[in-house]
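Undergrad: Here is my input; please provide its structure:
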Amino acid sequence: MSKSITDYLKVGAFCACGLSVFYFVITILALFSPVSIMTYHTGDQYFSDFESYKLCFVILKVLMFLANACLVGVIFSIYKFNKSKGETKAWLNFFSLLAIIGLGVGMLQSIEDATQVPHLAKNFDDSSSEVQNVIIAFGVANPAIYTLSLGLPALWFIVMSISCRNLFPKVLVLLGILWGIGSLSIVVAHLFVITWLFYIIEAGALIMAPLWGIFQTHFFWKEYRIGK
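TA: All right, here's what the predicted structure looks like:
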């Protein structure tokens, strides 16, 4: 195995580990967030809740930015690994590109949320009732953007896991598919404001994210040691 491939595997191992850690903390912060913040339901209650959750909100958005960056590293590493094994598949490459586009949207979304929402919340109480009504009408963010930022990477997880079923351990394939299904479920929860679905998926992610990280990191590191 060439040095360039082993370098990608090493990067993939660190990115997979970082991704699982970031998502574990993100899930904890999300589980304890007020319902109005979780669902982006803009109103007086949202801005009232935001005052006590502001720091956690900003930390959550920073972690989501870092998690998305780590997933980009994982995608590239898997692409290079598959290519070295002669397992490059058109559909996987297609969904890999879509996932990277979605992750880029997610990183931009995280930056905008972390900088704009606190500013809106700070000025909401001091604004006139007309301005407050405009802010509430337009909302602080568009939850439908998760269709791209979470939905596209979710599809990649499912397609990648199925495509790599002959290369990855079966448990890693299963965890990848579950991660994809979980992310798609969060998209549905955002679109239709299904609060109970948020809690179910986030509770599952507390277990699934670390497990996926352990197995994916171990896989990358093992292949790195073999090819070194």
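Undergrad: remind me which residues of the chain are low pLDDT?
TA: 1-3 (pLDDT under 70).
Undergrad: if I pick residue 144, what's in contact with it?
TA: Neighbour list for residue 144: 190-191 [criterion: C-beta atoms under 8 Å, 6 or more residues apart in numbering]. In this view, the C-beta of every residue, glycine as well, is placed from N, C-alpha and C.
Undergrad: That one and residue 190: what is the separation?
TA: To residue 190, residue 144 is 7 Å away according to C-beta to C-beta, to the nearest Å.
Undergrad: now swap in residue 167 and tell me
TA: Distance of residue 167 to residue 190, computed by C-beta to C-beta: 33 Å.
Undergrad: Compare these two and say which is more crowded by neighbours.
TA: residue 190 (22 against 15; other C-beta atoms under 10 Å).
Undergrad: Assess the claim that the more buried one and residue 40 are in contact.
TA: Yes - counting by C-beta atoms under 8 Å, residue 190 touches residue 40, with 7.4 Å between them.
Undergrad: what touches both of these two?
TA: Shared contacts of residue 190 and residue 40 (C-beta under 8 Å, 6+ apart): residue 143.
Undergrad: where do the strands sit along the chain?
TA: For the chain, no strands are identified by DSSP state E.
Undergrad: Okay, helices next: where are they in it?
TA: Counting by DSSP state H, the chain has helices at residues 3-31, 35-39, 44-84, 90-124, 129-138, 146-149, 151-163, 170-192, 195-227.
Undergrad: Need phi/psi at the residue sitting furthest away from the middle of the chain.
TA: Taking C-alpha atoms, centre = their mean, the residue of the chain most remote from its mean C-alpha position is residue 128, at 36.4 Å. Torsion angles at residue 128 (phi, psi; degrees, to the nearest 10) stand at phi -70, psi 160.
Undergrad: do you know how far it is from residue 167?
TA: 60 Å.
Undergrad: same check, this time on residue 46
TA: In terms of C-beta to C-beta, residue 46 sits 45 Å off from residue 167.
Undergrad: Ok, residue 227 next?
TA: With C-beta to C-beta as the criterion, residue 227 and residue 167 are 14 Å apart.
Undergrad: and what of residue 49?
TA: From residue 49 over to residue 167 (counting by C-beta to C-beta), the distance is 45 Å.
Undergrad: one step back: could you say which of the helices of the chain is packed most deeply?
TA: Among the helices of the chain, helix 151-163 has the highest mean neighbour count (mean count of other C-beta atoms under 10 Å), at a mean of 22.
Undergrad: Setting aside sequence neighbours, what's the nearest residue to residue 51?
TA: Spatially, and ignoring its direct neighbours in sequence, residue 51 is nearest to residue 121 (7.1 Å; C-beta to C-beta, 6 or more residues apart in numbering).
Undergrad: Same check on residue 220?
TA: residue 13 (3.8 Å).
Undergrad: isn't residue 223 right up against residue 9?
TA: Yes - the criterion here is C-beta under 8 Å, and residue 223 meets it with residue 9 at 5.2 Å.
Undergrad: quick one: common contacting residues for the two?
TA: residue 81.
Undergrad: For residue 163, give me its contacts.
TA: Contacts of residue 163 (C-beta under 8 Å, 6+ apart): 82, 87, 89, 91-92.
Undergrad: Need those in a markdown table (columns: distance to residue 205).
TA: Shown next, in a markdown table, are those (distance: C-beta to C-beta, whole Å):
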| residue | distance to residue 205 |
| --- | --- |
| 82 | 26 |
| 87 | 28 |
| 89 | 28 |
| 91 | 26 |
| 92 | 24 |
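Undergrad: Perfect, I'm done here.
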